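Student: Pasted the sequence and its predicted model underneath.
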Amino acid sequence: MVPANDVTPSAPAGARPADQFEAALLSMDRIAVHSIARQIAQAADPLVNLEDLIVPTLERIGRLWEEGKVSLSQVYMAGRLCEGLIEPLTASRPDAAGAPAPLAVATLDDYHLLGRQMVCSALRSAGYSPANYGRVTLDELLTRLRADRPSVLLVSVLMLPSALKVKQVVTAIRQEGLPTRVIVGGAPFRLAPFLAAEVEADAVGTNAASAVSLVRSFLEVPA
């Protein structure tokens, strides 16, 4: 629950769109969320513009939760509302299915799927066909990697405990001789730049566009 002395913040009149968006998410005002997002998405590349709005906002909300200022349900619903904004933009092309693919994208042990959706969309726009593993546990992810043996795995996380589990993924990949390099992304890796080295990831994607550039470089220069 939200602490008794806490009040869901509201944006004052004339506030920046980012502040208005944050307040609308925390108050779970779906109409306001969609109205603000439509204004932001009117430019040439709506997905990029929405990513620039949504990702920092969700990170701020995550920090508010860590400080005890908002409830976990608010964090969860903020993520779900943002996923609803992105889904229409990311559903135009199907994910790869069936045969093993050189690319795999997964959300590791987190319930926020937004980062994975954005990365999948960006990869498809760049001409790739990623295998979308969805939300997976550590064991489920390792099972898929052993079966598919992708060249590159992109892992999206929101919370620190999930980020730390990447180390177990990398260790298993190396011990079993899988041909997979790991790109990580998400709030923990942006907020703590040393974390990627700690979990021994091969690279960090700071946003969907950088993930595409890293994938391209890895596939052009095999390990």
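Tutor: That came in fine, so what should we check first? Numbers count the residues shown, from 1 in each chain.
Student: can you list the weak-confidence ranges in this protein?
Tutor: Filtered on pLDDT under 70, the chain yields the residue ranges 1-15, 43-48, 87, 89-101, 111-113, 125, 221-223.
Student: Please give me every residue in contact with L145.
Tutor: Neighbouring residues of L145 by C-beta atoms under 8 Å, 6 or more residues apart in numbering: A104, L153, V169, A172, I173, L178, T180. In short, each C-beta sits where N, CA and C put it, glycine included.
Student: Looks like the last one contacts R146 (just checking).
Tutor: Okay, so that is T180. No - applying C-beta atoms under 8 Å as the test, T180 and R146 come out as separate, 9.9 Å apart.
Student: Between those two, point out the one with more neighbours.
Tutor: Each of T180 and R146 has its neighbours counted (other C-beta atoms under 10 Å); T180 has more, 23 against 13.
Student: Report the residue ranges of every domain in this protein.
Tutor: Per automatic domain parsing, the structural domains of the chain span 17-90, 103-220.
Student: Spatially central, which residue of the chain would that be?
Tutor: G115 (1.8 Å; C-alpha atoms, centre = their mean).
Student: Just the CA atoms of whichever strand or helix holds V75, as PDB, please.
Tutor: Per DSSP states H and E: V75 is located in helix 72-90. Output in PDB follows, covering the C-alpha atoms of helix 72-90 (Å, rounded to 0.1, in the frame of the first residue of the first chain):
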ATOM      1  CA  LEU A  72       3.700  -1.500  -6.100                       C
ATOM      2  CA  SER A  73       0.300  -1.500  -7.800                       C
ATOM      3  CA  GLN A  74       0.900   1.900  -9.100                       C
ATOM      4  CA  VAL A  75       4.200   0.800 -10.600                       C
ATOM      5  CA  TYR A  76       2.600  -2.200 -12.100                       C
ATOM      6  CA  MET A  77      -0.300  -0.300 -13.600                       C
ATOM      7  CA  ALA A  78       2.000   2.400 -14.900                       C
ATOM      8  CA  GLY A  79       3.800  -0.300 -16.900                       C
ATOM      9  CA  ARG A  80       0.600  -1.800 -18.100                       C
ATOM     10  CA  LEU A  81      -0.700   1.500 -19.300                       C
ATOM     11  CA  CYS A  82       2.500   2.200 -21.200                       C
ATOM     12  CA  GLU A  83       2.500  -1.200 -22.800                       C
ATOM     13  CA  GLY A  84      -1.000  -0.400 -24.100                       C
ATOM     14  CA  LEU A  85       0.500   2.700 -25.800                       C
ATOM     15  CA  ILE A  86       3.300   0.800 -27.500                       C
ATOM     16  CA  GLU A  87       1.400  -2.400 -28.600                       C
ATOM     17  CA  PRO A  88      -0.300  -0.800 -31.600                       C
ATOM     18  CA  LEU A  89       3.100   0.400 -32.900                       C
ATOM     19  CA  THR A  90       4.800  -2.900 -32.400                       C
END
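Student: what element comes up after that helix heading to the C-terminus?
Tutor: Heading C-terminal from helix 72-90, the first helix or strand you meet, by DSSP H and E, is strand 103-108.
Student: Tell me the strands beside that next one, with direction?
Tutor: With DSSP bridges as the test, strand 103-108 is paired with strand 131-136 (parallel), strand 152-157 (parallel).
Student: contact partners of that strand?
Tutor: 96, 113, 115-116, 119-120, 123, 128-138, 141, 144-145, 148, 150-157, 162, 165-166, 169, 180, 215.
Student: Pull out the buried residues from these.
Tutor: Among the contacts of strand 103-108, those classed as buried by 16 or more other C-beta atoms under 10 Å are 96, 113, 115-116, 119-120, 123, 128-133, 135-136, 141, 144-145, 148, 150-157, 162, 165-166, 169, 180, 215.
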